[in-house]
Structures are given as C-alpha cells and as structure tokens.
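Chemist: requesting a structural model of the entry that follows:
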Amino acid sequence: MVTIKGDPIKALSGLKLPVGAQVAIVSSKPESVREIRKSVRGRVARVTEVVEKGPAAIPAGENPVVDRTAFEPDARSRAMLEGIRIAQEDLRDAGGAYDLEQVRTLMRGVSRQAVDKRVQDGSLLAVPGPSNRRSYPTLQFSSDGTVIPGLKAVRDALQTSNPWMVLNFLSRPDSRLGNRRPIDLLKSGDLERVLDAARAESDQVASYPAALK
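Modeler: Below is the predicted model of the structure:
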C-alpha cells in the first residue's frame, strides 16, 4: 500500500500502476474524488471511496469538554483500514484459508514448530486471521494437499515480507503471464516465468516517487 502526499491527481497521472492495482480514495471533497476517479479510470481493478467527514459544527456559545475530532482516524489511517478490507477480499476470492490444525492435517501431521519454521523461511504463506491467529491461504496447496513449491523464491523476488502483497501477486491475473495467475503457473511448474514477473513487480514498486512510498 502507498499513500499519496501532495496533489494526488498530479501524482497518479504519470504513475504506472501495478497490474490489478486498487485505489482507495479518502477525501472530504466530492469534486476531488471525481477527478481522481477520472485520472485512474481504466488503469485499476477497483476504485473505492472512503468518505472522510469534516469536523462537526459546534453550536455558538458552547465549549465542548472533549474534542471529538481528535479521536477520528486521519486519511492515512482510513486508507490503511481500506487496504486491509481489500486484502481480505483478495483472500476470499482466492479460496479462503485454512487454520493451523487443518494445515497440519494436510501436511500429514507435522508439528506446529515445523509449520512455523516454513512460514518464517517463506516456503509457506500465512496471513493474520481472526483474533490475529495465522491463516493459511488455500491457493498454495495442490490437490493432494502438498504445498506448491516456489513460494519462498517468489517472496524473495518480490523483496517483501508482507504476506498480503505476496497473496495479491499470486492470486491476480498478470498481463506479463498472458493474464494467467502466477499461482497457476507455479502449479504447472513454470517457476522462472513467475519469478521474472515478480522481479518486474518489485522493480515497478521500487520506482514509485518518494511521495508515494
């Protein structure tokens, strides 16, 4: 997720957005939202508006004890919440996730420590689930319950430890792969093509202007 500082329309106009990018607009100005939507139309998978309300008017002569506006999340915080919501949609669209015990069953009864080790080294993908417990996206498992090889190499190529970014890359059709999902190519054993796309994705994110990081 990136947050735009300054003029968002100017920043987005020359930005090469990643394949399947999604934009969350947080603004209290309807006219700004309309202009931003126009500037990214046709270049993103989803544009979501998060309305940021301005401070409530205080009746004349009243002096509130508590300034309620101090407790309202700012634009960046709202965008972070929207990013989490979008990431959860990605998970649902990709087939949901298993819990720890289900993964241990699929992996023929391996220990919790063995599962943790694979998550840490990147060969098993886990995302924060309910009550902040790890959940394991189902898309990384083959039909016989084994973990699809190449996940660690993909994470390394993307140069990220953010599991949501890895999931987003794996689960979305990529024009660099003939509009196929990277996870599907991994299942067919075409690791090198997926790694090339992952490196290109990483380079594209690294080229973002400083104001977008």
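Chemist: for this structure, what helix or strand is lowest in average pLDDT?
Modeler: Lowest by mean pLDDT, DSSP states H and E among the helices and strands of the chain is strand 46-51, with a mean of 59.
Chemist: past that one, which element shows up next along the chain?
Modeler: Downstream of strand 46-51, the next assigned helix or strand under DSSP states H and E is helix 75-93.
Chemist: against which helices or strands is whichever helix or strand comes after that following helix packed?
Modeler: Downstream of helix 75-93, the next assigned helix or strand under DSSP H and E is strand 97-98. Applying 3 or more C-beta pairs under 8 Å, 6 or more residues apart in numbering; DSSP states H and E, we find strand 97-98 packed against strand 134-137. (Glycine included, C-beta is placed from N, CA and C.)
Chemist: how's this structure carved up into domains?
Modeler: 1-54, 97-208 (automatic domain parsing).
Chemist: comparing the ones you listed by mean pLDDT, which bottoms out?
Modeler: Lowest mean pLDDT within those: domain 1-54, at a mean of 63.
Chemist: show me where this protein has helices.
Modeler: Using DSSP state H, the helices of the chain run over 8-13, 30-40, 75-93, 100-106, 112-121, 151-158, 163-171, 182-187, 191-206.
Chemist: now the angle between helix 163-171 and the last one, please.
Modeler: Using axes from the mean of the first three to the mean of the last three C-alpha atoms, to 10 degrees, one finds that helix 191-206 and helix 163-171 are set 130 degrees apart in direction.
Chemist: the fifth one now?
Modeler: Interaxial angle, helix 112-121 versus helix 163-171 (the same axes, to 10 degrees): 80 degrees.
Chemist: flag every buried residue along helix 112-121.
Modeler: Residues V115, R118, V119 are the ones in helix 112-121 that count as buried (16 or more other C-beta atoms under 10 Å).
Chemist: so it versus helix 151-158, what angle?
Modeler: Using the same axes, to 10 degrees: helix 112-121 against helix 151-158 is 30 degrees.
Chemist: packing partners for helix 112-121?
Modeler: Short answer (3+ C-beta pairs under 8 Å, 6+ apart): helix 112-121 packs on helix 100-106.
Chemist: again, but for the last one
Modeler: On a contact count with 3+ C-beta pairs under 8 Å, 6+ apart, helix 191-206 meets helix 151-158, helix 182-187.
Chemist: convert the last one to CSV, retaining C-alpha atoms only.
Modeler: To tie it back to what came earlier, the one meant is helix 182-187. Output in CSV follows, covering the C-alpha atoms of helix 182-187 (Å, rounded to 0.1, in the frame of the first residue of the first chain):
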residue,chain,number,x,y,z
PRO,A,182,1.1,-16.6,-11.0
ILE,A,183,-0.1,-19.4,-8.7
ASP,A,184,-1.5,-21.3,-11.6
LEU,A,185,1.9,-21.2,-13.4
LEU,A,186,3.6,-22.4,-10.2
LYS,A,187,1.2,-25.3,-10.1
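Chemist: contacts for it?
Modeler: Counting by C-beta atoms under 8 Å, 6 or more residues apart in numbering, helix 182-187 makes contact with 94, 139-140, 142, 148-151, 154, 169-171, 174, 177, 191, 193-194, 197-198, all of which sit outside it.
Chemist: out of the helices and strands packed on helix 191-206, which one sits most buried?
Modeler: Each of the helices and strands packed on helix 191-206 was scored by mean neighbour count; the highest is helix 182-187, a mean of 21, by mean count of other C-beta atoms under 10 Å.
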